[in-house]
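[1] dropping the sequence and predicted coords here.
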Amino acid sequence: MTILLGATSLLFILLLAGMPIGFAIGASGAIGLFLTGGWDAMNSVLSTSPYTAVASFSLGAIPMFIFMGEMVSHGGVTDELFETTSAWTGRLPGGLGIATVISGAAFGAISGSSTAGAATLAPTTIPQLVKNGYSRKLANGLVATVGTLAMMIPPSIALILYGLLAEKSIGKLLIAGIIPGLILSVALCLTLLLIIRRDGSLVTKGHKYSFAEKLKALSTTWSYFILFLIVFGTIYLGAATPTEAAAIGAFGTVVLNGLRKRLSRKILVAALTETASITAMISMMLVGAYIFGYFLVLNGVTQDLTQFITGLGWNRYLILILFGVLYLVLGAFMDQVAILTLTVPLVVPIITGLGFDPIWFGVMVILFAEIGMITPPFGMNVFVVARCTNQPAASVFAGVWPFVGALLVVAVILSAFPSIVLWLPHFM
């Protein structure tokens, strides 16, 4: 127990000192292995874990989905998504806000990164929203929240990482995120409409588009929707693994950008560079988690913790609520990838032992992480939007609270009715 407390304390000291999460986890795990089993135990794990942790066929889906999103982002598709959805929803009260939600969900269906979604949407949508009468607080809060949809809607990098850490089906996890992602999108639209109804002065009357203008706007983005259907249709039907489907998506975005004359050396290099950077970060986190996981197994921590919690005799839903609060708190202080790396190997065995479905729980973890991305003090999406708009982070935080409430309502609904999450994966 002393060694465990020492290694855990060292981990948090290294994190507070600013060491990257992957190196901090790996270093504390290595020292814990040395104190537990000596040099031979530490050397044995360190000599094999860097390869073992990342030598997974499933892990290949991450860089290809990241590359897919980068190609779309650098190709300027986000602007076209917003213009297309605005043409179809613009005449409705709050139509531009609804268009922001839909275009954010559509971008999330191609990118898989919440921070990328917020950073890409903010420069395009917020000026348009403000120009059409939306208060800056409402516009900032809406875009910061919409960016989080990419964490739930496939190809969610967070869901893939959860599947790797929990050793669960990545295909089922990705498909399980579709319906909750749609529910979240509807919840954000309804929340926006309620805000507008309470104070109609926030928004000016929408612009009416002719049917010809709507079709013309749709003609610029329909090919990317078809690509999305192909990628996740092959996963759902079992025709391709997530990694194979990711390869189709990555190749498809290159082809589409090329056909639309948006494939240059500059765009390709920028997409590849960003993909390599993000993949290296995630890979290092997986290596660190693998080392620390060995330390926990060697000390029997996972088994002891599972037995302790299940032996308390508490109602399993009370334990689930406690885990939900834990993820909300962690989400306010840490990046979602770091949260998953630190907690999933410990928490999933407990949840499975309590009789909860690990696929459903994975979706819930991602939902709680979404909420953490927009809550103080370190809601990452809020700071991304603040940087992109040159606004104080406090003003962005002030605008997200109604949407935080909407996400919490969805969390309660999905907790009460797990079948909503598991329905689509059940038919795979």
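    Nice, I can see it. All figures in this text were calculated on a predicted structure; none of them were measured in a lab.
[2] isn't residue 162 up against residue 340?
    Yes: checked against Cβ atoms under 8 Å, the pair residue 162 and residue 340 is within contact range at 5.6 Å. Backbone N, C-alpha and C define where each C-beta goes, glycine included.
[3] give me the more crowded residue out of the two.
    Set side by side, residue 162 and residue 340 show more neighbours around residue 340, with 28 against 25, by other Cβ atoms under 10 Å.
[4] need the residues touching each of residue 162 and residue 340.
    residue 365 (Cβ atoms under 8 Å, 6 or more residues apart in numbering).
[5] how about the strands of the chain, start to end?
    Using DSSP state E, no strands are assigned anywhere in the chain.
[6] can you pull the pLDDT of residue 179?
    For residue 179, the pLDDT comes out at 93.
[7] now residue 272
    Note on residue 272: pLDDT of 90.
[8] for the residue lying closest to it once chain neighbours are set aside, give its distance to residue 348.
    In this structure, residue 272 finds its nearest non-sequential neighbour in residue 67, 7.1 Å apart by Cβ to Cβ, 6 or more residues apart in numbering. Counting by Cβ to Cβ, to the nearest Å, the gap from residue 67 to residue 348 is 28 Å.
[9] these two: which is more packed in?
    Applying other Cβ under 10 Å to residue 67 and residue 348 shows that residue 67 carries more neighbours, namely 25 against 22.
[10] does that one touch residue 250 like I think?
    Yes: the pair residue 67 and residue 250 passes the contact test of Cβ under 8 Å, sitting 4.9 Å apart.
[11] in contact with the residue nearest to residue 272, which residues?
    250, 253, 271, 272, 275.
[12] so who does the residue nearest to the spatial centre of the chain touch?
    Closest to where the C-alpha atoms of the chain average out (Cα atoms, centre = their mean) is residue 151, at 2.1 Å. The contact partners of residue 151, taken as Cβ under 8 Å, 6+ apart, are 108, 114, 158, 159, 336, 366, 369, 370, 373.
[13] how about a cut-off of 6 Å?
    Residue 151 makes contact with 114, 158, 366, 370, according to Cβ atoms under 6 Å, 6 or more residues apart in numbering.
[14] among the residues you listed, who's most crowded?
    residue 114 (30 neighbours).
[15] for residue 174, see how far away it is.
    Using Cβ to Cβ, residue 114 is found at 16 Å from residue 174.
[16] go on, residue 110?
    As judged by Cβ to Cβ, residue 110 and residue 174 stand 13 Å apart.
[17] all helices for the stretch 301-428 of the chain, in order.
    Counting by DSSP state H, counting those that start in this stretch, the stretch 301-428 of the chain has helices at residues 301-310, 316-333, 336-353, 358-372, 380-389, 393-416, 419-426.
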